[in-house]
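Chemist: Quick one: sequence plus predicted model below, questions after.
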Amino acid sequence: MTDIADLENRLSAAMDRIATGLNQLGDAPAAASGDQSGDQSEEIAALKAALEEERTANAQLEARVKALTAAAEARASGDTDGEVAAVTGAHQQEIEAIRDAAAEERAAWAGLNQRLVRLRRSNKLMRSNTLALRQAAADMVVDPELINNSLQVELDAAIAAQELERAEADVIIKTLMPMVKTGTEGA
């Protein structure tokens, strides 16, 4: 554990030095020469790369510290292999439940998308039939087939809109169901 604390301290000190160097570069007046400007930009790029490497190393060390701390606490509390296996099994079941919920949600979204496409197609047909009806009315022509066709398209559009609303409700239910299950299990 002392090695990890020592590494954390060294990383923090290195990150502070890098931040100080970047601040000094930002405060320094711009050099008149193009070579100096190029050197500074290279140095800044190198410092930024070093900072990113230090951040990555720090994140890895923090994860390692958490894992070691959890392992130490498990040893201190006297966890046995059976208890660890039970916890692992419970986590596997939870992961499977999350995957199942995600699959149901994806299926609900796919259904919603299909209904939306159908509604758009129906609306497009309804617009073209409306134009045809207007033209027939302007020409003073009564076309019973055009009227029947228009009514059928309107009915299809109403059905598609209703199916879309059902699909939206299904998506909402599938999205909220895992949260509701988690909330009731926590209570």
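Modeler: The structure has been received and is ready for your questions.

Chemist: Can you give me the domain assignment for the protein?
Modeler: Following the assignment in automatic domain parsing, the chain carries domains at 2-79, 92-186.

Chemist: Return the most buried member of those.
Modeler: domain 92-186 (a mean of 13; mean count of other CB atoms under 10 Å). The C-beta positions use only the backbone N, C-alpha and C, and glycine is treated the same way.

Chemist: Could you measure from the residue nearest the centre of the chain over to residue 131?
Modeler: Centrality entry for the chain: nearest residue to the mean C-alpha point is residue 102, 12.3 Å, by CA atoms, centre = their mean. For residue 102, the distance to residue 131 (CB to CB, to the nearest Å) stands at 44 Å.

Chemist: Do a quick rundown of the strands in this protein.
Modeler: Remark: strands of the chain are absent; assignment by DSSP state E.

Chemist: So the residue located most distally from the centre of the chain versus residue 123, what's the distance?
Modeler: Distance from the C-alpha centroid of the chain, by CA atoms, centre = their mean, peaks at residue 140 (56.7 Å). According to CB to CB, residue 140 and residue 123 sit 28 Å apart.

Chemist: what's the answer for residue 139, then?
Modeler: In this view, residue 139 and residue 123 are 25 Å apart by CB to CB.

Chemist: how about residue 140, phi and psi?
Modeler: Torsion angles at residue 140 (phi, psi; degrees, to the nearest 10) stand at phi 60, psi 40.

Chemist: Show the pLDDT at residue 24.
Modeler: pLDDT, residue 24: 72.

Chemist: longest helix of this protein?
Modeler: Criterion DSSP state H: the longest helix present in the chain is helix 81-138.

Chemist: What helices and strands are in contact with that one?
Modeler: helix 144-186 (3 or more CB pairs under 8 Å, 6 or more residues apart in numbering; DSSP states H and E).

Chemist: Show the average pLDDT along the helix it packs on.
Modeler: Helix 144-186 carries an average pLDDT of 85.

Chemist: elements contacting that helix?
Modeler: Looks like helix 144-186 contacts helix 81-138 (3+ CB pairs under 8 Å, 6+ apart).

Chemist: if we can go back for a sec, which of the domains of the chain comes out lowest on mean pLDDT?
Modeler: Lowest mean pLDDT within these: domain 2-79, a mean of 69.

Chemist: which residues sit in contact with residue 157?
Modeler: Applying CB atoms under 8 Å, 6 or more residues apart in numbering, we find residue 157 in contact with 119, 122-123, 125-126.

Chemist: got it, and residue 136?
Modeler: Residue 136 makes contact with 142-143, 146, according to CB under 8 Å, 6+ apart.

Chemist: do that again at 6 Å, thanks
Modeler: 143, 146 (CB atoms under 6 Å, 6 or more residues apart in numbering).
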